[in-house]
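Trainee: show me how the following folds:
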Amino acid sequence: MPGISGGQGLVQFGELGLAFVLSALIGLEREYRQKSAGLRTHTLVGVAAALFMLVSKYGFSDVVLAGRITLDPSRVAAQIVSGIGFLGAGIIFVRRDAVRGLTTAAVVWLVAAIGMACGGGLAGLAIAVTAAYFVALYPMPALIRRLPVVGSGASTLQLAYEDGRGVLRRVLEVCAAQRFRVAEVNILGEDGTRTIRGRSTSGIVDVELDVYGKGSVTNLAALLQEVEGVLTIRAGDPEAGD
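Mentor: Numbering: from 1, shown residues only. So this is what the prediction gives:
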């Protein structure tokens, strides 16, 4: 094959480079959304998976003897899938009825598959799956929100508010009025000091609410943003416990 020199030619470096770019692209999005597995993790997983595939394809050519020693490159691919499964399992954890980290684990698994495709010379498939990831991430949630709700799943709200003004009580009242049940309230950073836009601010409380309800969590977050004293609010993904 042109461009190959013992499995270390321009073709192989190009495949590694493609795995780096595609994995970093997904990792950059996860970093932007402040997930624990961000840019570095996804980039390393994708490039490592591509390297494993290249080693499987070319790394043992010097010991192969026709009719005596044969190798099956697909065995390494199977081991990559198993290994990434263990990595993903370490990301997922359950707290009460809420499963967290499931989406992040799935993305890590996806990035490994993209790296494997790049290392296997299937650049078109790798690019297509990367594009499919962004389709699944952005247009699909809008479609899901339009589906009829038949159950009451767990969601997470993270908000920062001014201490000493009864803000949390009003927040809970709004949740109750919208028929959301607050199952748990966790205070984050109990020292009362945090940094907003580069400056240290005292008297700010960060809390995380686990809420259950049949309505739209996005709409609930918008209503809570209007509560006097609420500074920031983010509707968390119940599957992303990062």
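
Trainee: name the residue closest to the centre of this structure, please.
Mentor: The chain has residue 104 as the residue nearest its centroid, 3.0 Å off, counting by C-alpha atoms, centre = their mean.

Trainee: ok, that residue to residue 39 distance?
Mentor: 13 Å (C-beta to C-beta, to the nearest Å). No exception for glycine: its C-beta is placed from N, CA and C like everyone else's.

Trainee: any shared contact partners between those two?
Mentor: The contact sets of residue 104 and residue 39 overlap at residue 30 (C-beta atoms under 8 Å, 6 or more residues apart in numbering).

Trainee: this structure: strands as residue ranges?
Mentor: Assigned by DSSP state E, the chain shows strands spanning 93-95, 98-100, 154-162, 181-188, 193-196, 199-202, 204-212, 230-236.

Trainee: what's the least confident stretch among the ones you listed?
Mentor: With a mean of 42, strand 193-196 has the lowest mean pLDDT of the strands of the chain.

Trainee: what pLDDT is listed against residue 46?
Mentor: Residue 46 is assigned 91 on the pLDDT scale.

Trainee: just checking, residue 208 touches residue 158?
Mentor: Yes - with contact defined as C-beta atoms under 8 Å, residue 208 counts as touching residue 158 (5.0 Å).

Trainee: what does the model give residue 15 for pLDDT?
Mentor: So residue 15 comes in at 91 (pLDDT).

Trainee: if I pick it, what's in contact with it?
Mentor: 50, 54, 118, 119, 121, 123.

Trainee: how near is residue 112 to residue 130?
Mentor: Distance, residue 112 to residue 130, using C-beta to C-beta: 13 Å.

Trainee: those two: which has the busier surroundings?
Mentor: residue 112 (26 against 20; other C-beta atoms under 10 Å).

Trainee: ok so, going back, how far away is the residue nearest to the centre of the chain from residue 164?
Mentor: Distance of residue 104 to residue 164, computed by C-beta to C-beta: 36 Å.

Trainee: noted, bye for now.
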